[in-house]
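Visitor: the following block contains a protein sequence and its predicted model.
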Amino acid sequence: MKVFKFGGASVNSIERVKKLAEIVEANQSGPLVIILSAMGKTTNALEKVAETFYAGKKEEAIQLFQVIKQQHLNTTKYLLVFRYNACLEQLSNFFTEIEWLLHDKPVRNFDYYYDQIVCLGELLSSCIVSHYLNETGILNQWIDVRDSIRTNNNFRDADIDWNVSKEKIRSNVINLITAENKIVITQGYIGSTEDNESTTLGREGSDYSAAIFANVLDAESLSIWKDVDGVMNADPKKYPDAVLINELSYTEVIEMAYYGAQVIHPKTIKPLQNKNIPLFVKCFLDKNLPGTIIHQKKNKNLPPIIVIKENQVLIELKTQDFSFVGEDPIIELYQLFKKLHIKPTLIQTAAISIFICLDDKPEKIEQMALAAGSQFDVQIQKGLSLLTIRHYNEDVLTTLSESKDKVLQQQSKETVQVLFR
């Protein structure tokens with residue numbers, strides 16, 4: 001059993017869907033589970049629908065959704081002939097699900113509606129691709145991942161119920177694998193609660209979904225197909241001199257993900273590490289390139305690994321009576337992180353202050369500032385960027401940071417972080 005995950009860039013055009021079919025056709029000798037992301041920028045577009053709907057602009061939200069709907073109908077029309085009607089019927093059920101919701105008035109929190117709307121992207125893309133593969137003779141079975149991945153109701157960043165999910169995945173996938181049909185297609189990024197409400201696993205969570213399936217099914221390997229040669233030491237769009245890293249350890253990739261590298265979702269590695277399942281990051285545009293292998297083996301002589309996180313906020317909490325920051329305020333602060341589901345990207349303490357850098361999510365920042373305001377004077381700076389360099393040297397650090405308007409810097413033997421305007 002192998003697991004393949006294809007990202008949004010792999011299905012963002014007619015030509016790329018056909019290229020995906022070529023890759024699958026070349027790898028259908030044994031059982032294969034395929035995890036698909038939404039097409040292109042569909043998730044971004046659905047996020048806009050959710051935001052507009054929640055803001056009370058119902059008609060505008062419906063109009064935005066119609067654009068997404070038409071894009072997928074056009075893709076279906078150009079890809080399918082014999083299975084067009086069957087695909088259209090399935091798509092129509094998905095469309096209706098969202099259209100009914102958009103005619104209602106929001107009575108729950110934003111995160112709930114976000115998940116009900118945004119989950120549609122993966123359902124649409126996987127439906128279309130499944131029908132296309134079947135039409136071209138690559139037999140497969142489509143399943144709704146919401147029947148397999150059980151989560152809690154922490155919408156937008158749901159936690160997996162592993163016991164229930166294991167049972168459902170094994171039942172839903174293994175029963176479909178036959179000598180004639182060796183391929184199962186499903187979605188990444190989404191799951192559902194025990195009340196059958198859709199949830200998402202955090203942005204870019206399709207990698208994590210693929211790792212869950214690989215773990216539960218004791219897969220031989222997981223391959224993630226991207227529009228890059230493999231894992232690079234920096235974003236090649238920002239750093240033209242970025243180089244390919246042929247081999248990485250699980251530990252190194254977890255560090256990279258923690259600091260914000262977009263190549264692999266932060267939660268992806270642990271399910272693979274637990275069963276020593278290798279992860280291949282392969283080039284979708286040229287399947288013959290070796291890509292990057294991620295496994296247990298430790299690495300030596302890695303190049304500096306550069307990660308930039310934009311849209312960062314720095315919150316400074318200063319004690320109101322100028323007392324030293326002690327153990328109790330720190331404990332309460334971390335309890336607040338847990339309660340609000342906040343994951344800081346940098347924390348630094350001084351004598352009477354705590355500095356917290358995090359992603360700019362206005363609702364959570366406001367909640368945190370209000371909660372912390374009873375004990376601290378709170379100051380907030382927005383519009384910042386966080387530069388992280390793993391395996392840095394002084395030359396690289398100087399080159400990348402000397403012209404920056406630095407707000408904060410944190411440095412260890414392996415890693416340096418610079419927060420700047």
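Guide: Happy to help now that I have it. Numbers count the residues shown, from 1 in each chain.

Visitor: residue 107 belongs to a strand?
Guide: No - counting by DSSP: H, G, I helix; E, B strand; the rest coil, residue 107 is not part of a strand but coil.

Visitor: if I look at it, how far off is residue 119?
Guide: 19 Å (C-beta to C-beta, to the nearest Å). Placement of C-beta: from N, CA and C, glycine included.

Visitor: do I have it right that residue 211 meets residue 272?
Guide: Yes - with contacts counted by C-beta atoms under 8 Å, residue 211 reaches residue 272, the gap being 5.4 Å.

Visitor: who has more neighbours, these two?
Guide: residue 211 (29 against 26; other C-beta atoms under 10 Å).

Visitor: who's in contact with that one?
Guide: 222, 267-272, 279 (C-beta atoms under 8 Å, 6 or more residues apart in numbering).

Visitor: distance between the helix or strand bottoming out on mean pLDDT in the chain and the chain's centre?
Guide: Counting by mean pLDDT, DSSP states H and E, the weakest-scoring helix or strand in the chain turns out to be helix 327-340, with a mean of 86. Centroid separation for helix 327-340 versus its chain: 26 Å, with C-alpha atoms, centre = their mean, to the nearest Å.

Visitor: hmm, back to that, give me the common contacts of residue 211 and residue 272.
Guide: What both residue 211 and residue 272 touch, as defined by C-beta under 8 Å, 6+ apart, is the set 222, 279.

Visitor: ok, and what's touching the helix or strand hosting residue 85?
Guide: Element membership for residue 85 (DSSP states H and E) is helix 84-102. Residues external to helix 84-102 that are found in contact with it (C-beta under 8 Å, 6+ apart): 49, 53, 58, 61-62, 65, 69, 72-73, 76-77, 80, 113, 116-117, 120, 123-124, 127-128, 131.

Visitor: quick check: ChimeraX command selecting the buried ones in those residues.
Guide: Restricted to buried positions by 16 or more other C-beta atoms under 10 Å, the ChimeraX selection for the contacts of helix 84-102 reads:
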select :49,53,61,62,65,69,72,73,76,80,113,116,117,120,123,124,127,128,131
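
Visitor: sort out which of the contacts of helix 84-102 are in helices and list them.
Guide: Members of those lying in helices (criterion: DSSP state H): 49, 53, 58, 61-62, 65, 69, 72-73, 76-77, 113, 116-117, 120, 123-124, 127-128, 131.

Visitor: which residues of the stretch 151-300 of the chain fall in strands?
Guide: For the stretch 151-300 of the chain, the strands defined by DSSP state E, counting those that start in this stretch occupy 183-187, 190-192, 198-200, 221-226, 247-249, 279-283, 292-295.

Visitor: which residues touch the longest one?
Guide: So the one you mean is strand 221-226. Contacts of strand 221-226 (C-beta under 8 Å, 6+ apart): 2-7, 9-10, 20, 23, 207, 210-211, 214, 263-264, 272, 277-284.

Visitor: swap in the fifth one?
Guide: When contacts are defined by C-beta under 8 Å, 6+ apart, strand 247-249 is touched by residues 231, 292-299, 302.
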